Each structure stands twice: as C-alpha cells, then as structure tokens.
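Asks: Quick one, structure for this:
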Amino acid sequence: MKEFEDLQTQNDELSTQLLNKIDEIDTNLDQFGVSTITKSNQIEGLLFYCDRTNGEINTSINLKVRNLIEKRDALLQKDDKFSSICLYNVLENLIVLMLWAVWVFVELWRLVKGILLVLWKLLKWIFL
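Replies: Sure, this is the predicted structure:
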C-alpha cells in the first residue's frame, strides 16, 4: 500500500507539473495568438494601403496617358490645319500669278495690236 501511495504521490506531482506545463503552453499560445491577430491586422491594413496606392497610381497613369494622347491629337490636327493653310496660300498665290500673267499677256497683245494698227494706218495714209 505504501507503494501505491508513493505512486499516487508521484502521479500527483507529475500531474501538477504537467498541468503547469499545459498552463505555460496555453499562456504562450494566447500571447502568440494575440501577437498573430495584431500582426494579421497590420498585414491587412498594409495590404489595403497598397491596394489603394496601386489604384491611385493606375488612375494617375491612365489620366496622364489620356492627356498625352489628347495633346498628340491636338498637335496632329494643328499640323493638318497648318499644312492645309500653307497649301491654300500656295494655291491662292498661283492663281494670282496666273491672273497677272494673263493680264501682262493681254496688255502686251493690246500694245502690239495698237502699234500694228498705227503702222497700218500710217502705211495706208502714205501709200494711198
């Protein structure tokens, strides 16, 4: 019976030690759980911040690209307008130059015709 009591005492001591170890492990797990929850919340916050920042960056990049495309289109239209204005001016000057050439030709023709008429009348008066 003494052996039984000794075994019972040893068993109680081991049970107490085991319960102490279990409590210590539970305490560590609770601290780890609190730490994990805190870190999890921090990670979720950082992920949210990163997603929001990426969204802002994408939005600003898209806006800048759109503005650059609009500026490029405006410059292309401006170049088209400039080239059409230049072409119009060249065409207008060619028409004016042709009209001047016709006017000079007509004036020379009238001058030559007038001189020939005067010569004809002079020759007619002399010989007749």
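
Asks: For residue 117, report the pLDDT, please.
Replies: Per-residue confidence at residue 117 stands at 94 (pLDDT).

Asks: Which of the three states applies to it?
Replies: helix (DSSP: H, G, I helix; E, B strand; the rest coil).

Asks: Tell me how many other residues crowd it.
Replies: By the criterion of other CB atoms under 10 Å, residue 117 has 10 neighbours. From N, CA and C alone the C-beta is placed, and that goes for glycine too.

Asks: what's the distance between residue 106 and residue 92?
Replies: Separation of residue 106 from residue 92 (CB to CB, to the nearest Å): 21 Å.

Asks: Same question for residue 9.
Replies: Distance of residue 9 to residue 92, given as CB to CB: 122 Å.

Asks: And residue 59, how close does it get to residue 45?
Replies: Distance from residue 59 to residue 45, by CB to CB: 21 Å.

Asks: centroid residue for the chain?
Replies: By CA atoms, centre = their mean, the chain has its centre lying nearest to residue 65, at 0.6 Å.

Asks: Helix or strand: which one has that one?
Replies: Counting by DSSP states H and E, the element that carries residue 65 is helix 2-127.

Asks: Any idea how far that helix is from the middle of the chain?
Replies: 0 Å (CA atoms, centre = their mean, to the nearest Å).

Asks: Let the chain start at 40 from now.
Replies: In the new count, where the first residue is 40, that last one comes out as helix 41-166.

Asks: Much appreciated, bye for now.
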